[in-house]
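> 3D model of this:
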Amino acid sequence: MAAAHSQRMSEQQVYQCALELLESSEESYFATIDLQGLPAIRGMMIWHTEGLQKVWFAGLASSRKIVHLRHSAAAGIYVWDGRQKIRALALTGNALVVTDSAVKRRFWRDSLFTYYTGPDDPEYCIIEFTTRECDFRQDENSYVFVP
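Next comes the predicted model:
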């Protein structure tokens with residue numbers, strides 16, 4: 001008996017499903033390129049999203065990931081939903097370290113008092129990720145697109 005294959009989705013359906021997955025994800029894997037040119041991956045809480053184009057994170061200015069991003073802006077984000085067969089989204093793009101006070105205040109949450117003295121703490125910064133390419137996978141289908 002031949003294996004059943006799911007039907008391919010339209011571009012609009014793919015975009016919407018990818019967006020729903022990203023917006024429903026609180027955690028992600030965030031990849032940077034270290035000083036030796038190797039990938040460095042860590043779990044990070046997603047702070048805010050703007051469509052599939054922008055993702056923001058809070059960061060510690062003296063952390064390795066910030067050192068990596070100041071050396072190379074190349075970065076990646078991976079989220080997935082394990083409740084279904086497979087539904088995953090990989091974003092590749094560039095990330096900037098933002099230390100502007102207005103931006104830091106915009107994304108400040110009181111839960112950050114655990115790590116920082118407040119939004120003006122020099123160790124508190126924002127990572128602004130801009131997507132260049134999306135790779136959305138659902139079941140056995142893969143869809144690569146520019147948001």
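> Need the three-state assignment for Leu21.
helix (DSSP: H, G, I helix; E, B strand; the rest coil).
> Neighbours of it, how many?
20 (other Cβ atoms under 10 Å). Every C-beta, even on glycine, is put in place using the N, C-alpha and C of the backbone.
> For the closest residue to it other than its chain neighbours, which residues are in contact?
Closest residue in space to Leu21, ignoring its immediate chain neighbours: Leu89 at 5.1 Å, by Cβ to Cβ, 6 or more residues apart in numbering. Neighbouring residues of Leu89 by Cβ atoms under 8 Å, 6 or more residues apart in numbering: 18, 21-22, 77-80, 134-137.
> Could you list the buried residues of the helix or strand hosting Leu96?
Per DSSP states H and E: Leu96 is located in strand 87-98. By neighbour count, with 16 or more other Cβ atoms under 10 Å as the criterion, the buried positions of strand 87-98 are 87-93, 95, 97-98.
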